[in-house]
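> my questions concern the predicted model and sequence given below.
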Amino acid sequence: SEMCIRDRANRDNWEMLFDAPQGEKKHDINDQQEYEQDDQEKLIAGIFQFAKRYIVTSTSSGIILIDQYRAQERILYDRFMKQLESGKSASQQELFPQQISLPLSDAEILRDIKPELETLGFTINDLGRNTFVITGIPAIPVNKDINELLEKILENYKQNMLELDEDIKINLASSLALNFAMRSDKVLDTREMESLISQLFSTTMPEVSPGGKKIIREIGREEIDKLFKL
């Protein structure tokens, strides 16, 4: 699986946070699995969620905080970009037909990006003028009304066009990731947190969200000691 934590192509992402055990070398290919397992155990030991927004864990050098919402954004952005670049239609969830009416300017934008949206898992029937029927969306859990979701995606897409003048694929992947990521109101169990971290470290840039915001913060041992005036 491309999200597998043991993907060697993403080894450098792990080493960003976790150093190899002192005195040990990684030259022996037979020891590869042992070191990967060791890194995973370091990451998930004592893992917990704080304020329904942050995943907290620790290493020998300090405490690691991961913004779960921004992590989901990064994971979804990479997924959407791969789908758009490959041109292969994504899996989708079917909906009871939902009609949406848009301002004429938004309707034209929707028509322009309709092929890309369909690659990402939407099924959109154009009824003409400013009316559409939505019968499918990407197979991702979402807690928003579908009409509201699509309107928000278009709003973000237009904003990106004005402010960033981004490539259509980057713009669309960013807009969808922002709106499909679950906001900070979901309690995660240990398995969900482990899965989120595993997927995050399999992305191209686990350190920052598509909008360039920090996903991972480390509070070092020295900073913690200062809090206690050691």
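Structure's in. What do you need?

> give me the nearest residue to the residue nearest the centre of the chain, chain neighbours excluded.
Centroid-nearest residue in the chain, with Cα atoms, centre = their mean: Ile75, separated by 2.5 Å. Take Ile75 and drop its neighbours on the chain: the residue closest to it by Cβ to Cβ, 6 or more residues apart in numbering is Gln199, 4.8 Å away. From N, CA and C alone the C-beta is placed, and that goes for glycine too.

> what's the burial count for the residue nearest to Ile113 when sequence neighbours are not counted?
Nearest-residue entry for Ile113: Leu172, 6.1 Å, with adjacent residues in sequence omitted and distances by Cβ to Cβ, 6+ apart. When neighbours are defined as other Cβ atoms under 10 Å, Leu172 has 23 of them.

> next one: Ala173
Residues near Ala173, counting by other Cβ under 10 Å: 25.

> what do you get for Lys186?
Neighbour number of Lys186 under other Cβ under 10 Å is 15.

> so the closest residue to it other than its chain neighbours: helix, strand or coil?
The shortest distance from Lys186 to any non-neighbouring residue, by Cβ to Cβ, 6+ apart, is to Lys52 (6.5 Å). Under DSSP: H, G, I helix; E, B strand; the rest coil, the three-state class of Lys52 is coil.

> Ile134 now?
strand.

> ok, it - contacts?
Neighbouring residues of Ile134 by Cβ atoms under 8 Å, 6 or more residues apart in numbering: Leu95, Pro97, Gln98, Gln99, Ile100, Phe122, Thr123, Ile124, Asn125, Ile146, Asn147, Leu150.
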